[in-house]
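Peer 1: Below: sequence and its predicted model.
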Amino acid sequence: MKLADLLARLDRSRDNRNLHFCFTRIAEELELYNTLLPEDMQQCPLSCYTLSQWYCTDSYVGIDVYYFQDECALITQQQSRGCSPDYYWASAEMKAKVFTYIDSLQQVHEADDHASYFDPNEEMGEYHQVSYSSELLTSTLLHIASGERVTVKQRWNDDSEIYRWSWVKVAFNDGHEAILSLKTDLGVYYHLVDA
């Protein structure tokens, strides 16, 4: 049977429609990166239907047919879970239409930029804090009240001592030791080089 015959008989019912197709992969195939999904995949003019499917290890693979505004636009084929899909476009014109559509989504989302931006003049202090000793990745801390560097000598991480998880035993430069709270008494230095 020819591909044209298969496409003419493809089940394009709601039951065979794949709303979970990888929109991002198609965008990347068109060299459009960091593309956002359409807000409503039900209304997306790009739709996907399964022509053939099988299970490989822990993933469904096979042949999918994509339609753009009800015209056959693209066929993808993935032979196994470890393989990337192969992309076969119906025509250069159809590829350009899909490109224009996906690119227009990106432009709409760029106009509604919801990204967070940092302020280089924001005050960060000389240290940050953690709540529990299991979060520490260093043994040198700042004793906030004195401004002195202290060394962690003991941590408590046992389930039987959960009430002590936010406390550590530290040694001061003069040799005396104290059990202090990570939440109120100690700070973690930033990873900096001398200015």
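Peer 2: Now that the structure is in, tell me what you want to look at.
Peer 1: Okay, now stretch 130-146: how far is its last residue from its first?
Peer 2: 19 Å (C-alpha to C-alpha, to the nearest Å).
Peer 1: let's number from 898 now, not from 1
Peer 2: Shifting the count to begin at 898 puts that one at stretch 1027-1043.
Peer 1: Mind listing what's buried along it?
Peer 2: By neighbour count with 16 or more other C-beta atoms under 10 Å, stretch 1027-1043 contains the buried residues 1027, 1029, 1030, 1033, 1038, 1039, 1040. All C-beta spots, glycine's among them, are computed from the backbone N, C-alpha and C.
Peer 1: What of stretch 1018-1028?
Peer 2: So for stretch 1018-1028, counting by 16+ other C-beta under 10 Å, buried means 1026, 1027.
Peer 1: how far out from the middle of the chain is that stretch?
Peer 2: In terms of C-alpha atoms, centre = their mean, to the nearest Å, the centre of stretch 1018-1028 is found 26 Å from the chain centre.
Peer 1: Model confidence at the most centrally placed residue in the chain, what's the number?
Peer 2: Centroid-nearest residue in the chain: residue 931, 10.8 Å away (criterion: C-alpha atoms, centre = their mean). pLDDT, residue 931: 71.
Peer 1: The nearest residue to it once chain neighbours are set aside: what secondary structure?
Peer 2: Distance criterion C-beta to C-beta, 6 or more residues apart in numbering; nearest residue to residue 931, sequence neighbours excluded, is residue 1003 at 7.8 Å. Put simply, residue 1003 is helix when judged by DSSP: H, G, I helix; E, B strand; the rest coil.
Peer 1: Just to check, residue 1003 is in contact with residue 927?
Peer 2: No. The criterion here is C-beta atoms under 8 Å, and residue 1003 misses it with residue 927 at 11.0 Å.
Peer 1: Neighbour count: those two, which is higher?
Peer 2: Neighbours were counted for residue 1003 and for residue 927 using other C-beta atoms under 10 Å; residue 927 has more, 19 against 15.
Peer 1: what's the more buried one in contact with, if anything?
Peer 2: 992, 995, 996, 999 (C-beta atoms under 8 Å, 6 or more residues apart in numbering).
Peer 1: Now rank the residues you listed by neighbours and give me the top one.
Peer 2: Neighbour counts for those peak at residue 995, which has 23 neighbours (criterion: other C-beta under 10 Å).
Peer 1: so what's that one up against?
Peer 2: Applying C-beta under 8 Å, 6+ apart, the residues near residue 995 are 923, 927, 943, 965, 970, 971.
Peer 1: Could you check how far the third one is from residue 1015?
Peer 2: So the one you mean is residue 943. Per C-beta to C-beta, to the nearest Å, residue 943 is found 35 Å from residue 1015.
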